[in-house]
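Trainee: quick one: sequence plus predicted model below, questions after.
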Amino acid sequence: MNPDENKGLTLLKKGQKGFLHLIFSRLGLIVLLLAFHVFLLFCVFHWFENFLPHIFGGTMIFTVGMVLYLLNSRMDASAKITWLIVIMLLPVFGALLYCYTRSDIGHRALKKRLNRLMGQENIPQSDRVMDRLSREAPSAAALARYLHRTGCYPACDRTDVTYFPLGERMWEEMLRQLEQAEHFIFLEYFIVDEGVMWGKILEILARKVKEGVDVRVMYDGTCEFSTLPHDYPRRLGELGIRCKMFAPVTPFVSTHYNYRDHRKILVIDGHTAFTGGVNLADEYINRLDRFGHWKDVGIMLKGEAVPSFTLMFLQMWNIDEKQPEFHRFLAYPTHAPENAPGYVIPYGDCPLDGDKVGERVYMDILNRAQRYVHIITPYLILDDEMETALKFAAERGVDVSLILPGITDNFAAHALAWTHYASLLDSGVKIFEYTPGFPHAKVFVSDDREAVVGTINLDYRSLYHHFECAAYLYGVPAISEIEGDFRETLGKCRKVTPQSARKEKWTRRLTGILLKAVAPLM
């Protein structure tokens, strides 16, 4: 434990991160064992590839059968194409790989447990709120009914919304609100990394534990690959902070790894919540320059909508708890402001229920828009439905504008985004690239009346494979700030035209073309 006047509290010594430490750590051994497991699976599949055709009467018959099965499945069309290519190139091996990845092996127990938890506790919808929303905005009320059906997330009024156009501004407010915590602090983040941002937060958390505050931290297991050692939860435990990793790395190949906890949630005492694109690492507050200026956004909620984020956190936290706790934390007063205008609907997206909540909310906004839909997203890897929704809105005369990275953190994702440019531009969608750096924000704002701020990117990972969260906003004053921030950011972007898209570097174009076939897996 190293208190640092500038960085706050740190638990790792110098040299406990980096490539050499990774190789000789527990993770290095696990990666080695994982590679060995992959090799064994490959050997088994290869043996079947030579053996099974004799049983099925030849590879061709087997391939045709698999193709017909895929064409008649309920899978997304883009994913069908990907698997068709794999199976046609590697008939038996590809079929066995498909069966392995599409089975419930690795996440059957998780799926069963989550379904039980989601049915165990819910937040009832206020009839008063729904009646008023139905009168003022019937289309938003219809979306509210859908969201409540998917996860017991009610539409709420009496909620103040504060919008933060930069991660550093959000972090400063997070520190102020954490200092006021009296009962509990819940943090659930995709990435946690030691540095100034997390150090200052951790310093407050350690102090709050001594004051009797219940502090719980949950982060995704992929942090073990890049930022934190496997025993970091134990180190936090020594400070009195309860900590869990979601889906930690093990030496066995499992479909469970495909589902990551991409949420960013901070809840304080049941009356204040934060969400958005901001993780707990220094690049998100521009203390570390990785890809130029890091443009991220977030919101703070105060009032009736906050318990929905408390519920989301507890559903994930209680996955491995024998006696789940819900009611005690949901019973804390929300200190709701009486005259806060508009409505807020926090919602989560679970990849195990087959309900693409994040994508459906985005598509609903696009389909109802009359004047504009303005979008900021770091990634653009679309399925056919989402691409069609974007194009159709533009073809109806709606101003559909997207802000994407000018400097990317992922060359493959950047290349795949380019493959959508021509089709979108032909339909009138406007595309801009943020030249100062990397926009990590996830924002939809439409017609000066509704918006979404959260963790959901426009890519397959977010829309199909991750646990996500967001807040749908209707008629709240912060919407004008979100739209104003979009227009200000637009002034720092270059516009993509059909001519400039055709002149893109050949390496990006070729990479996009080659990766298009496997885009649903990325």
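Mentor: Everything's here; your move. Residues are numbered from 1 along each chain as shown.
Trainee: so residue 415 is in contact with residue 511, correct?
Mentor: Yes. Assessed by C-beta atoms under 8 Å, residue 415 is found in contact with residue 511 at 3.8 Å. To be clear about C-beta, it is placed using only N, CA and C from the backbone, and glycine gets the same treatment.
Trainee: which of those two has more residues huddled nearby?
Mentor: Set side by side, residue 415 and residue 511 show more neighbours around residue 415, with 23 against 18, by other C-beta atoms under 10 Å.
Trainee: state the pLDDT value of the more buried one.
Mentor: pLDDT, residue 415: 94.
Trainee: what's the helix or strand for it?
Mentor: Under the criterion of DSSP states H and E, residue 415 resides in helix 411-426.
Trainee: OK, contacts around residue 425?
Mentor: 431, 496-498, 501 (C-beta atoms under 8 Å, 6 or more residues apart in numbering).
Trainee: can we see that at 10 Å?
Mentor: By C-beta atoms under 10 Å, 6 or more residues apart in numbering, residue 425 lies in contact with 391, 394, 431, 496-501.
Trainee: just the buried ones from those residues?
Mentor: Those of the contacts of residue 425 that meet the buried threshold are 391, 394, 431, 496, 501, by 16 or more other C-beta atoms under 10 Å.
Trainee: quick one: which of these is nearest residue 199?
Mentor: Comparing the buried ones among the contacts of residue 425 against residue 199 with C-beta to C-beta places residue 431 closest, at 38.0 Å.
Trainee: work out for me the element the closest one sits within.
Mentor: Residue-wise, residue 431 maps onto strand 430-434 under DSSP H and E.
Trainee: strands of the stretch 1-150 of the chain, start to end?
Mentor: 2-4, 8-10 (DSSP state E, counting those that start in this stretch).
Trainee: which of those has the lowest average pLDDT?
Mentor: Minimum mean pLDDT among these: strand 2-4, a mean of 54.
Trainee: where does pLDDT dip in the stretch 101-250 of the chain?
Mentor: In the predicted model of the stretch 101-250 of the chain, residues 101-108, 119, 249-250 satisfy pLDDT under 70.
Trainee: what's the first helix or strand after the longest strand along the chain?
Mentor: Of all the segments of type strand in the chain, defined by DSSP state E, the longest one is strand 466-474. Downstream of strand 466-474, the next assigned helix or strand under DSSP H and E is helix 478-490.
Trainee: tilt between that following helix and strand 430-434?
Mentor: 70 degrees (axes from the mean of the first three to the mean of the last three C-alpha atoms, to 10 degrees).
Trainee: who touches helix 478-490?
Mentor: Applying C-beta under 10 Å, 6+ apart, the contact partners of helix 478-490 are 160-166, 295, 297, 299-301, 342, 344, 372, 374-376, 401, 403, 430, 432, 434, 436, 439, 441, 443-453, 473, 476.
Trainee: for these, which PyMOL command selects only the ones that are buried?
Mentor: Only the buried members of the contacts of helix 478-490 enter the following PyMOL selection, criterion being 16+ other C-beta under 10 Å:
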select buried, resi 160+161+162+163+164+165+166+295+297+299+300+301+342+344+372+374+375+376+401+403+430+432+434+439+441+443+444+445+446+447+449+450+451+452+453+473+476
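Trainee: out of the contacts of helix 478-490, which sit inside strands?
Mentor: Short answer: the contacts of helix 478-490 in strands (DSSP E) are 160-164, 295, 299-301, 344, 372, 374-376, 401, 403, 430, 432, 434, 439, 443-446, 450-453, 473.
Trainee: re the thing from before, what residues do residue 415 and residue 511 have in common as contacts?
Mentor: Counting by C-beta under 10 Å, 6+ apart, the residues touching both residue 415 and residue 511 are residue 505.
Trainee: quick one on the thing from earlier: average pLDDT across the longest strand of the chain?
Mentor: 97.
Trainee: list the contacts of the nearest residue to residue 152 once chain neighbours are set aside.
Mentor: Among residues not flanking residue 152 along the chain, residue 122 sits closest, at 3.4 Å (C-beta to C-beta, 6 or more residues apart in numbering). By C-beta under 10 Å, 6+ apart, the residues touching residue 122 are 148, 151-154, 311, 326, 330.
Trainee: so how far is residue 320 from residue 231?
Mentor: Distance, residue 231 to residue 320, by C-beta to C-beta, to the nearest Å: 18 Å.
Trainee: coming back round to it: can you give me the angle the longest strand of the chain makes with strand 450-454?
Mentor: Angle between the axes of strand 466-474 and strand 450-454 is 150 degrees (criterion: the same axes, to 10 degrees).
Trainee: can you list which of the contacts of residue 122 are found in helices?
Mentor: 148, 151, 311, 330 (DSSP state H).
Trainee: now, which of those residues sits nearest residue 410?
Mentor: For the ones in helices among the contacts of residue 122, the nearest to residue 410 is residue 151 (29.4 Å; C-beta to C-beta).
Trainee: what number of residues lie near residue 90?
Mentor: What residue 90 shows, counting by other C-beta under 10 Å, is a neighbour count of 16.
Trainee: thought residue 97 was touching it, still the case?
Mentor: Yes. Assessed by C-beta atoms under 10 Å, residue 90 is found in contact with residue 97 at 7.8 Å.
Trainee: got JSON lines for the buried ones among the contacts of residue 425, with distance to residue 422, pLDDT and secondary structure too?
Mentor: Converted to JSON lines, the buried ones among the contacts of residue 425 look like this (distance: C-beta to C-beta, whole Å; pLDDT from 0 to 100; DSSP: H, G, I helix; E, B strand; the rest coil):
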{"residue": "391", "distance to residue 422": "11", "pLDDT": "98", "secondary structure": "helix"}
{"residue": "394", "distance to residue 422": "14", "pLDDT": "98", "secondary structure": "helix"}
{"residue": "431", "distance to residue 422": "10", "pLDDT": "98", "secondary structure": "strand"}
{"residue": "496", "distance to residue 422": "10", "pLDDT": "97", "secondary structure": "strand"}
{"residue": "501", "distance to residue 422": "6", "pLDDT": "93", "secondary structure": "helix"}
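Trainee: for the residues you listed, give me a markdown table that also has distance to residue 462.
Mentor: Output for the buried ones among the contacts of residue 425, formatted as a markdown table (distance: C-beta to C-beta, whole Å):
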| residue | distance to residue 462 |
| --- | --- |
| 391 | 20 |
| 394 | 22 |
| 431 | 19 |
| 496 | 22 |
| 501 | 24 |
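Trainee: which of these lies closest to residue 268?
Mentor: residue 431 (38.2 Å).
Trainee: measure that closest one to residue 394 for me?
Mentor: Residue 431 is 11 Å from residue 394, where distance means C-beta to C-beta.
Trainee: and for those two, which residues touch both?
Mentor: Common neighbours of residue 431 and residue 394 (C-beta under 10 Å, 6+ apart) are 400-401, 424-425.
Trainee: pretty sure residue 245 sits in a strand.
Mentor: Yes. Using DSSP: H, G, I helix; E, B strand; the rest coil, the assignment for residue 245 is a strand.
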